[in-house]
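>>> Sequence and predicted model, in that order:
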Amino acid sequence: MESGEHEKKLWDSYNSQEEFYILITRQNKEDNRFFKASLCKGLLYKHILEESVFEVSPMYENAIDWKITKCLFHGIQLLLPIAYKEFKHKKYTPRDTLKVWVTNYDSLLKSVFIAEKEPEPKHMDVIMLFSDRLGSQILKYAYIFNDFNFNYSVLDYQKNVLTLGIAHLMLKCRTTPNHLVLQEVRELPENFTEKFNDKIFPLERGITFVYEKEKGRYDELAVASGVGMEDMLVYIQTQMRLSQIQAPEYDPLKKWQQIIEHQIQTNSYTQVSYQSYTQKNHQYTFKTTDPKIEKIESAIETKVDGFVGEKAVQRIGKVIGGVDKTNKEICIEFKPLGVEFPQEVEFPQEGFLFLRTDYIAPLERQKKALERFNKNEIVNQDLKRFLLDPKIIFYTPLGIRLEKFYNQQLTKNQKEIVLKALNEKNIFLIQGPPGAGKTTVIKEIVFQILNASHFAKVCIISQQNIAVDNVLNGLQQQGIKSIVRIGNEDKVQYENIKPYVLENWWSSYKEKIEKKIKQNSINATKNARLHHYMNKWHECIKDKDFRDIDNDIKQLLISQHQVLGATCVGLAVKHLGIELMEFDVTIIDETGRATAPEILIPALRTKKLILIGDHNQLPPSIDRHLLEQLESDNIQNLDAIDRQLLEESFFENLYKHIPESNKAMLNEQFRMPASIGSLVSQLFYKEKLKNGVIKNTSQFYDPKNIIRWINVEGEHKLEKTSSYNKDQVQKIIELLEQINRSLNQRKIRKTIGIITPYNAQKRRLRSEVEKCGFKNFDELKIDTVDAFQGEEADIIIYSTVKTYGNLSFLLDSKRLNVAISRAKENLIFVGKKSFFENLRSDEKNIFSAILQVCR
C-alpha cells in the first residue's frame, strides 16, 4: 500500500471485517510482479462510481488563483472551478467543509475536478467498436484517447457517418442504434481546426474503445448506452444546424437598445419653470405655474441651475412628498449626507428646476440587460440565438417521464402541455387564453421540477405583481415553503405570501438567529465555537437592512430558496444581490404584456425559459410620446418597422415563428359561462377555445340573459384627449341599484367590474358610485380595460361611451377580448345600439357579432 499519514489514518479507521476500495497507482520498481495501491484514492473512486456527495476542505494558499479553488480529500488535491462553485465570489477558509461531486477525472486520479453545484446528468461513454485492421492504430494513439486534457469534437455528420476530432487526429465512424463503428483514423492538417473553427463543436461524450470480437461482453452496456447514442445524435444535429445559421439581417434587440437609450435621454430630466421659493432649514419650496407638472407622475430628485447676480448656483436635491399639483409647488431638500448645507446660499427668485423621475430606473435596468445580452453574458448561449431568430428554434427532448400529476383535476390538454414544457431543453411557449388555467399549469410544472430535484431553482416572473402572487399563493397552500418574494410588501396580493417578502423574511431570519443564541447559551460550554460564531454573525446583521449586507452573503441567503418570485424589472434591482444567481428554469407569465428588454432581464440568468402569455390580449404598454415621436420621424435611426416592433409584443413575434413542437395552446376555458365563452372563442380564437365545465346558472344575477345590451341614446362629450358620457354613467348607477336590490332579496353577494375604454368616463363613474354606498357587492372595481387584464368579476358592465366619430380604439380586438372575458357570470353592455349597428369601418365590426348574441 502507499505510505503516508492520510493512508495510515484511513487504514486504521477500517475494521478487519470491512470491505474497502483501493486504486492501483503504480508498478513496484523493485519487483514488477507487484503494484502499489492507494486506500484514499480507492475511497474517492468509490464516490465517483456511486456519483455520491462527499466532503472536502479548501486549501489555504498565499497566491490564490481566483478561477480555481484547491481542496483536499484525505490528502488528495481536488480542483473546484469558479463556474462550479455555489457562490462564485465566496472566499473559503481551511475550517470550511464543502459538499461536492466529481465532474471530471483521469485514470490515476491525478487531476480531479469537482463541483459544489449539482452537476448536469452524467453522460455514459459511447462504445466505439474497432476491428483487427485498426487495432494497431488504437494502441499507437492510446496516449491521446486516454488523456484527460483532450476532448472529442464533432467535425462532420452526414448519412450515418460521424467524423470526430481529438488532438491532431480525425476519426471517421459509422453510427448504429447502440454504438459507433470505427472506419478510419488519420492525422489532421495543421491548420484544419483554425480554418473550420466556427463549425466545430465539442462532442460532450467520452468514448470507450471495444474490440469487435469482444462485443458480446458489452451487450448490456450497449443497450444501456443506446439512449445515450440517440441523445448524442440529436445534440449533434442541433449543433450542426446552429453552426450553419447566419446572423439575422434585422436585429430587434439592437433596435430596442436604441429606443431605450432615446427614452432615457429624453426622460432623464423634465425642465419646469418656477416663479418664487421659500426656505425652511434645508428644505426649499418652489412655486410653479408650469403646466408640465400635470404630466409628471413622480419625481425623485431635482437639479437647480442658475445665477444669483454673477455667482453661479447649482445644487441637486431630493424631492420631498412628490409634486404637489393642487398647490402647484415642489418641496426639495438640499442636504448631502454628512455635509452641513450653508444656510446663506440663495437661488434665483425665478428660474428652472430639472426634475428627475423614477420612470427611467426600470429603463436603465433594461438597458443593462441588453448590454449584457450583446456581450454574451447569458447562462444559456442557445437561448440568445433562439431569441434573436425564433425561426431556428427546434425541439430538444430531455426524455422525461412523469410518474404522476400532483393536480388530479388537470385536463388532458393541460397534462400534455405540462409534459411537453418539461421535456424541452431550452425554450417553450404556452398560449393561455382567458380562464384557461395558466396558473394551474404553472404550479404543476413547478411541482414536477422540485420533485425531480431538491436542488432545482425556479424563478417565477411576470410583468404584473398579481400574476406572480397567484402562482406563489398556490404553491404555498400546497406545502412549498422554500419561497422568497422580491418586491414591495404593499404590492403583494395575498397575506400568506407577505412573510416571504424578502425584507420580512430577513427580519424573521434575524429573530430566529437571536432565538437560537438564547437557546444555545445554556449549552455554550459544549458548543463554544458554534456559539461564538453565531454571536459574531448576529452582531454583523442585527442592525442591518438586507440591502446593506455584502452581495455575496445576499446571494448565499437568497439562493437557499428553491422558488423566487418577482416582476421582470424587480428581478434586476441591483442592491438585492441576485444579478449573479442562476436558475434551472424561469417561467414568465403574462409575457404578452412584457417588452423584449423586460423579458431579457430574467432570460439572462436561466438555463431554460418557459414563456406563458396571450397575444390576443393586451400588448405591452408603450410610452405614447415615444410613439408620437416615431410617427413624426423625430428619432434618429428608427423608422416605421420599429413602430411595429413596439406595437407587436415580443411574445407574439416568437409565437408566430416558433415551430409547433415548441409551443402549445391551452384550449379549454373555465371562467366564463358557455354563451360568453363561445362568443370569445368565435371573435378572437377562431373557435379553437372550448368551454370546460358547464356552469350552473341558477345563482347568477340574471340567469336568462347572460349577455345583455342596455341601450342609451345620450351623446358623448370630449374632455381633452379623453371622452365621457354622463347618460351612460346615470344608467349604470340605476343598473347597480337594481342589481343591489335583487341580490339583497335573494340573500346573495357578487363581485362587480365596470370597464370603460376612457379615463374621463372612469373618473365620473367612480365619483358617482362613491355617493351610493352599495352593500351587497363583495367588491366593486371601476377601471379602464388596460387595468383589468388578469382580473375577473361575477358581473362585468362595459360602458362603450362613444356615440360618433372614430372608433379604432374601441374596435381594438385585444382590448375587447380582455373586457368581455372578465365575466364569470353576466356580461352587460351599455351604449348606443344604433350607432354600433350602422357602423362603417375599415376594421372588422366586432360589435355587430356582439349585438346579434344580445338579441
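Perfect, thanks for sending it. Residues are numbered from 1 along each chain as shown.
>>> The nearest residue to residue 90 once chain neighbours are set aside and residue 91, how far apart?
The spatially closest residue to residue 90, leaving aside those adjacent along the chain, is residue 552, at 5.6 Å (Cβ to Cβ, 6 or more residues apart in numbering). Where you see a C-beta, it was placed from the backbone N, CA and C, and this is true even at glycine. Using Cβ to Cβ, to the nearest Å, residue 552 is found at 8 Å from residue 91.
>>> So which of the two has more stuff around it?
Using other Cβ atoms under 10 Å, the more surrounded residue of residue 552 and residue 91 is residue 552, with 15 against 11.
>>> which SSE is that one in?
Taking DSSP states H and E as the definition, one finds residue 552 inside helix 551-558.
>>> show me where the stretch 651-800 of the chain has helices.
Taking DSSP state H, counting those that start in this stretch, the helices of the stretch 651-800 of the chain run over residues 674-684, 726-746, 759-770, 785-788.
>>> got JSON lines for those helices, with mean neighbour count, distance to residue 694 and mean pLDDT too?
Rendered in JSON lines, the data for these read as follows (neighbours: other Cβ atoms under 10 Å; distance: least, Cβ to Cβ, whole Å; pLDDT from 0 to 100):
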{"stretch": "helix 674-684", "mean neighbour count": "20", "distance to residue 694": "6", "mean pLDDT": "95"}
{"stretch": "helix 726-746", "mean neighbour count": "16", "distance to residue 694": "22", "mean pLDDT": "95"}
{"stretch": "helix 759-770", "mean neighbour count": "18", "distance to residue 694": "33", "mean pLDDT": "93"}
{"stretch": "helix 785-788", "mean neighbour count": "18", "distance to residue 694": "25", "mean pLDDT": "87"}
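>>> any chance of the ones you listed in JSON lines, plus distance to residue 154?
Converted to JSON lines, those look like this (distance: least, Cβ to Cβ, whole Å):
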{"stretch": "helix 674-684", "distance to residue 154": "46"}
{"stretch": "helix 726-746", "distance to residue 154": "68"}
{"stretch": "helix 759-770", "distance to residue 154": "59"}
{"stretch": "helix 785-788", "distance to residue 154": "50"}
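>>> Of all those, which one is nearest residue 292?
Taking Cβ to Cβ as the measure, the helices of the stretch 651-800 of the chain were each checked against residue 292, and helix 759-770 came out nearest at 19.0 Å.
>>> and for that closest one, what are the contacting residues?
By Cβ atoms under 8 Å, 6 or more residues apart in numbering, the list of residues contacting helix 759-770 from outside reads 719-720, 722-726, 728-730, 732-733, 736, 754, 756, 780, 782-784, 799, 801.
>>> 7 Å instead, please
With Cβ atoms under 7 Å, 6 or more residues apart in numbering as the test, helix 759-770 has contacts from 719, 722-726, 729, 732-733, 754, 756, 780, 782-784, 799, 801.
>>> ok, of the residues you listed, which come out buried?
Applying a neighbour-count criterion of 16 or more other Cβ atoms under 10 Å, the buried members of the contacts of helix 759-770 are 723-725, 729, 732-733, 754, 756, 780, 782-783, 799, 801.
>>> Pick the one among the residues you listed closest to residue 819.
Checking these against residue 819 by Cβ to Cβ gives residue 756 as the nearest, at 8.9 Å.
>>> Settle this for me: the closest one is touching residue 797, isn't it.
No - with contact taken as Cβ atoms under 7 Å, residue 756 and residue 797 are classed as non-touching, separated by 9.0 Å.
>>> tell me the domain ranges of the protein?
Using automatic domain parsing, the domain parsing of the chain gives 5-115, 126-243, 268-358, 362-665, 669-854.
>>> how about stretch 793-807 as PDB, C-alpha atoms only?
Extracted C-alpha coordinates of stretch 793-807, given in PDB (Å, rounded to 0.1, in the frame of the first residue of the first chain):
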ATOM      1  CA  ALA A 793     -65.700  39.500 -11.600                       C
ATOM      2  CA  ASP A 794     -69.100  37.800 -11.400                       C
ATOM      3  CA  ILE A 795     -70.800  40.700 -13.300                       C
ATOM      4  CA  ILE A 796     -69.000  42.800 -15.900                       C
ATOM      5  CA  ILE A 797     -70.600  46.100 -17.100                       C
ATOM      6  CA  TYR A 798     -68.900  47.600 -20.200                       C
ATOM      7  CA  SER A 799     -69.500  51.300 -20.900                       C
ATOM      8  CA  THR A 800     -68.900  51.900 -24.600                       C
ATOM      9  CA  VAL A 801     -69.100  55.800 -24.100                       C
ATOM     10  CA  LYS A 802     -68.700  56.800 -27.800                       C
ATOM     11  CA  THR A 803     -71.700  57.700 -30.000                       C
ATOM     12  CA  TYR A 804     -70.000  59.200 -33.000                       C
ATOM     13  CA  GLY A 805     -66.600  59.700 -34.600                       C
ATOM     14  CA  ASN A 806     -63.500  57.500 -34.900                       C
ATOM     15  CA  LEU A 807     -63.800  54.100 -33.200                       C
END
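>>> Now that stretch: average pLDDT?
Per-region confidence: stretch 793-807 scores 92 on mean pLDDT.
>>> Report all helices and strands that the strand ranked longest in the chain contacts.
In the chain, with assignment by DSSP state E, the single longest strand is strand 311-324. Helices and strands touching strand 311-324, by 3 or more Cβ pairs under 7 Å, 6 or more residues apart in numbering; DSSP states H and E, are strand 301-308, strand 329-333.
>>> where does the residue nearest to residue 334 when sequence neighbours are not counted sit relative to residue 356, distance-wise?
Nearest-residue entry for residue 334: residue 317, 4.0 Å, with adjacent residues in sequence omitted and distances by Cβ to Cβ, 6+ apart. Residue 317 sits at a distance of 11 Å from residue 356 (criterion: Cβ to Cβ).
>>> what about dumping the CA coordinates of the longest strand of the chain to PDB?
Taking Å, rounded to 0.1, in the frame of the first residue of the first chain, the C-alpha atoms of strand 311-324 are listed here in PDB:
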ATOM      1  CA  LYS A 311     -22.500  83.900  -9.000                       C
ATOM      2  CA  ALA A 312     -23.300  80.500 -10.500                       C
ATOM      3  CA  VAL A 313     -25.500  78.300  -8.300                       C
ATOM      4  CA  GLN A 314     -26.100  74.600  -8.900                       C
ATOM      5  CA  ARG A 315     -27.500  72.100  -6.400                       C
ATOM      6  CA  ILE A 316     -29.000  68.700  -6.600                       C
ATOM      7  CA  GLY A 317     -31.700  67.800  -4.000                       C
ATOM      8  CA  LYS A 318     -34.200  65.300  -3.000                       C
ATOM      9  CA  VAL A 319     -37.900  65.800  -3.800                       C
ATOM     10  CA  ILE A 320     -40.000  65.600  -0.600                       C
ATOM     11  CA  GLY A 321     -43.500  64.300  -1.000                       C
ATOM     12  CA  GLY A 322     -43.600  64.300  -4.800                       C
ATOM     13  CA  VAL A 323     -45.100  67.100  -6.900                       C
ATOM     14  CA  ASP A 324     -48.000  68.900  -5.200                       C
END
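>>> Report the buried residues of that strand.
The neighbour-count criterion (16+ other Cβ under 10 Å) identifies 315, 317, 318, 319, 323 as the buried residues of strand 311-324.
>>> what's the angle from it to strand 329-333?
Counting by axes from the mean of the first three to the mean of the last three Cα atoms, to 10 degrees, strand 311-324 points 120 degrees away from the direction of strand 329-333.
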